[in-house]
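Asker: no letters, just coordinates:
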């Protein structure tokens, strides 16, 4: 089974660090955006994209700017078209500042069963620094309301390595986050990306590398002590609460992406990656004239597919299953990558039939993984 990703490129206010495609100058276009997504879904289905979908993920941007009626219409089109698995995981990213009374209950009634809440910090001063529109009290209220609405799978995003942040401050932030008792936590170290307000000079000063490493270690130990498994570089979950949609990305499972700026992965053959240009006006124009907005990015050959299998699998605690690799590619992982494995001796090892890094090696993952590319 495959996954479905829907990109909602609208925000009430763009965050100064965000490099995802979204706009805060055209909220009027949100009114019929769901119809564009439905039209693209129908076009993709006619072109051969198949269901039923095991996971659906509304990302952004700010998907919680969609009304429950719009979300319901999209999900109804999925059911009527390629179909949804009976136990499908259906996630929506939530900005705590966008919710109206009754919204979460209506969302749950639509079939949404997982929330990903953009908390970022439980410190009001940090939230103001990040130009977020909510405060910590709103986060607590949203989580409480989500429980009342019947949500049993809730994830919170937390940012760290913020300008001027100390490990002690982060420790306090973690304790406040743990009080929410959510099933999943995603952690993101702040990076200054080109094209964002904070990526332009003068740039805010971020913590030194040594402090970053100390913070990452602090997060790992505190969350694992609290019962969360560190199952991917940036993700922690209570047992059984891993994000199934994201696991599909790391396992190279097929995923159809809808919306301006969305990406897709076709798993036929050795795999193919496609993308829709991050251009809302162009997306609208192409769909209205019957043009498929999806463009090819990369066609994998066998060697490229093996390299990406290593690259993605080694991001996870599960690692790369040696038997599954041999069955997929007709050769062994250690023979294909004998040279990098020799150079990484002592850092990458087989445990329980899977090649894995330790969580501490994820700190230098970008450097280590170059050996496979």
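Answerer: Received the coordinates, thanks. Values in this document were obtained by computation on a predicted structure and should not be read as measured data.
Asker: residue ranges for the strands of the stretch 1-150 of the chain, please.
Answerer: Per DSSP state E, counting those that start in this stretch, the stretch 1-150 of the chain carries strands over the ranges 2-8, 53-60, 84-94, 114-120.
Asker: can those strands go into TSV with extra columns for mean pLDDT?
Answerer: Output for the strands of the stretch 1-150 of the chain, formatted as TSV (pLDDT from 0 to 100):
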stretch	mean pLDDT
strand 2-8	98
strand 53-60	98
strand 84-94	97
strand 114-120	98
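Asker: show me the one of those strands that comes nearest residue 19.
Answerer: strand 53-60 (13.0 Å; CB to CB). Just so you know, the C-beta spots here come from the backbone N, C-alpha and C atoms, and that holds for glycine as well.
Asker: and the closest one, how far out from the chain middle?
Answerer: Distance of strand 53-60 from the chain centroid (CA atoms, centre = their mean, to the nearest Å) equals 10 Å.
Asker: how about residues contacting it?
Answerer: By CB atoms under 8 Å, 6 or more residues apart in numbering, the residues outside strand 53-60 that reach it are 1-11, 20, 22, 66, 71, 75, 78, 82-85, 87-93, 244-245, 248, 256.
Asker: ok, now which ones touch the residue nearest the centre of the chain?
Answerer: The chain has residue 246 as the residue nearest its centroid, 6.1 Å off, counting by CA atoms, centre = their mean. Shown in contact with residue 246 (CB under 8 Å, 6+ apart): 232, 235.
Asker: in three-state terms, label it for me.
Answerer: Following DSSP: H, G, I helix; E, B strand; the rest coil, we place residue 246 in the helix state.
Asker: output the below-cut-off pLDDT ranges for the stretch 151-300 of the chain.
Answerer: For the stretch 151-300 of the chain, no stretch is flagged by pLDDT under 70.
Asker: quick one: the residue nearest to the centre of the chain and residue 216, what's the gap?
Answerer: 19 Å (CB to CB, to the nearest Å).
Asker: before we move on, what about residue 25?
Answerer: 36 Å.
Asker: for residue 267, same thing?
Answerer: If you measure residue 267 against residue 216 using CB to CB, the figure is 32 Å.
Asker: quick one, which of the two is more surrounded?
Answerer: Of the pair residue 267 and residue 216, residue 216 is the one with more neighbours under other CB atoms under 10 Å, namely 21 against 16.
Asker: which residue, other than its chain neighbours, is closest to that one?
Answerer: Spatially, and ignoring its direct neighbours in sequence, residue 216 is nearest to residue 363 (5.8 Å; CB to CB, 6 or more residues apart in numbering).
Asker: make sure the one you found is actually in contact with residue 219.
Answerer: No: assessed by CB atoms under 8 Å, residue 363 is found out of contact with residue 219, at 11.2 Å.
Asker: have a look at these two and say which one is more surrounded.
Answerer: Applying other CB under 10 Å to residue 363 and residue 219 shows that residue 219 carries more neighbours, namely 24 against 18.
Asker: would you agree that one falls within a helix?
Answerer: Yes: Residue 219 forms part of a helix when assessed by three-state DSSP.
Asker: quickly list the domain ranges of this protein.
Answerer: 2-249, 314-372 (automatic domain parsing).
Asker: mind putting the ones you listed in JSON lines, distance to residue 292 included?
Answerer: Output for those, formatted as JSON lines (distance: least, CB to CB, whole Å):
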{"stretch": "domain 2-249", "distance to residue 292": "6"}
{"stretch": "domain 314-372", "distance to residue 292": "29"}
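Asker: how about those, which one is nearest residue 296?
Answerer: Closest among the domains of the chain, using CB to CB: domain 2-249, at 12.7 Å.
Asker: what about that closest one, how long is it end to end?
Answerer: 10 Å (CA to CA, to the nearest Å).
Asker: cool, and stretch 337-355?
Answerer: End-to-end for stretch 337-355, by CA to CA: 11 Å.
Asker: quick check: buried residues in it?
Answerer: The neighbour-count check on stretch 337-355 (16 or more other CB atoms under 10 Å) flags 337, 340-341, 344, 348, 354-355 as buried.
Asker: nearest to residue 106, of the strands of the stretch 1-150 of the chain?
Answerer: strand 84-94 (11.6 Å).
Asker: thanks a lot, catch you later.
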